[in-house]
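**Q** the following comprises the amino acid sequence and a computationally predicted model.
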Amino acid sequence: MNSCDPTPAHEPAFECLNAQPEPYAASPTMTFRLRVTDPEPVHGILLHCQIRIEPQRRRYGPDEARLLSDLFGEPSRWGETLKPLQLAAVSVMVPAFTGSTEIDVPVPLSYDLEVAAGKYFAALDDGEIPLLLLFSGTVFTRTPGGFAVRQVPWHCETRHRLPVAAWRELMDRYFPGTGWLMLRRDTLRALHRYKTDHAAPTWDDTITMLLNEARGLREAGK
C-alpha cells in the first residue's frame with residue numbers, strides 16, 4: 001500500500017516489494033527492496049526511512065497473547081494499548097534514475113528481549129508482521145539550468161507485511177537455536193554463583209534448575 005503517489009507537485013512515490021534476510025552482514029540485518037518513482041529525472045535522493053510495527057493490524061493466538069501481555073497488558077485492554085512500536089530508522093542514498101528505480105535498504109534488527117520490537121517478534125508463532133515505512137529526505141533533480149532541490153513530503157509512506165518466518169530465518173542465521181537476554185551485573189553474578197554452587201554444566205542447565213525449583217515451590221504452596 002502506498003499513500004504517496006506522483007502528483008503535479010512532483011512528489012516521489014515508494015513501494016516495498018519484499019524483505020529478505022541478509023546472509024553476509026556482520027549482525028542480523030533485513031534487506032528491504034524498495035521501488036522509487038518520480039515524475040522528474042532524479043540526480044539522487046538522500047532518503048530517510050522510519051519503520052514502525054503496527055500491532056493492531058493482525059490477530060493473535062492464545063499463546064501469542066499471553067507473551068504479548070508483557071508489552072500491551074491483558075487482551076481486554078488492547079483496544080487502548082496496541083500502539084505502534086518503533087523498529088528502526090535508517091538512511092540511504094538513492095542513485096540517479098529516470099522514471100523509477102529499485103534499491104536495497106539494509107535494516108539492522110535486534111534479538112535483545114529487553115527491546116520492545118525484539119519482545120514483539122519473539123512472541124509471534126507465525127503469520128505476518130505489519131510494518132509501516134515512513135519517508136523523508138531531500139530530492140536532487142536535473143533542470144535545464146542545473147539542479148534543483150526539494151523535500152520528500154512527510155506524508156510519503158508505504159506498508160509491508162513481513163512474514164514471521166523471514167524474521168526467524170534471519171535470527172537462525174546468526175543465533176541458531178538460541179536467544180539473548182540482558183541481565184544486571186549483580187543478577188548475573190548471583191546466577192554465576194548459583195551455577196558454580198550446583199555444578200551446573202551450562203547456563204541453560206542453570207536456568208532450567210531455577211525454573212524447576214520455582215515450579216516445585218509453586219506447587220508446594222497450592
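**A** Perfect, I can see it now.
**Q** contacts only, for the spatially most central residue of the chain.
**A** Nearest to the geometric centre of the chain sits residue 87, at 4.1 Å (Cα atoms, centre = their mean). Residues near residue 87 by Cβ atoms under 8 Å, 6 or more residues apart in numbering: 51, 52, 53, 107, 109, 117, 131. Yep, even glycine has a C-beta here, placed from its N, CA and C like the rest.
**Q** name the SS class of the first one, please.
**A** Just to be clear, that refers to residue 51. strand (DSSP: H, G, I helix; E, B strand; the rest coil).
**Q** quick one, domains of the chain?
**A** The chain breaks down into these domains under automatic domain parsing: 13-174, 185-220.
**Q** quick one: those domains as a markdown table, columns for mean pLDDT too.
**A** Listed next are the domains of the chain as a markdown table, based on pLDDT from 0 to 100:
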| stretch | mean pLDDT |
| --- | --- |
| domain 13-174 | 93 |
| domain 185-220 | 86 |
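**Q** pick the most buried one from these.
**A** domain 13-174 (a mean of 16; mean count of other Cβ atoms under 10 Å).
**Q** between the two ends of that domain, how far is it?
**A** 34 Å (Cα to Cα, to the nearest Å).
**Q** widest-spaced pair of the contacts of residue 87?
**A** Largest separation among the contacts of residue 87 by Cβ to Cβ: 52 and 109, giving 13.6 Å.
**Q** output stretch 200-216 as CSV, nothing but the C-alphas.
**A** What follows is stretch 200-216, C-alpha atoms only, in CSV (Å, rounded to 0.1, in the frame of the first residue of the first chain):
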residue,chain,number,x,y,z
ALA,A,200,25.6,-26.9,36.5
PRO,A,201,27.5,-27.6,33.3
THR,A,202,25.8,-24.8,31.2
TRP,A,203,23.8,-21.6,31.6
ASP,A,204,20.8,-23.4,30.1
ASP,A,205,21.1,-26.1,32.8
THR,A,206,21.3,-23.3,35.4
ILE,A,207,18.2,-21.6,34.3
THR,A,208,16.3,-24.9,33.9
MET,A,209,17.2,-25.8,37.5
LEU,A,210,15.9,-22.5,38.8
LEU,A,211,12.7,-22.9,36.8
ASN,A,212,12.2,-26.4,38.2
GLU,A,213,12.8,-25.1,41.8
ALA,A,214,10.3,-22.3,41.3
ARG,A,215,7.8,-24.7,39.8
GLY,A,216,8.2,-27.0,42.8
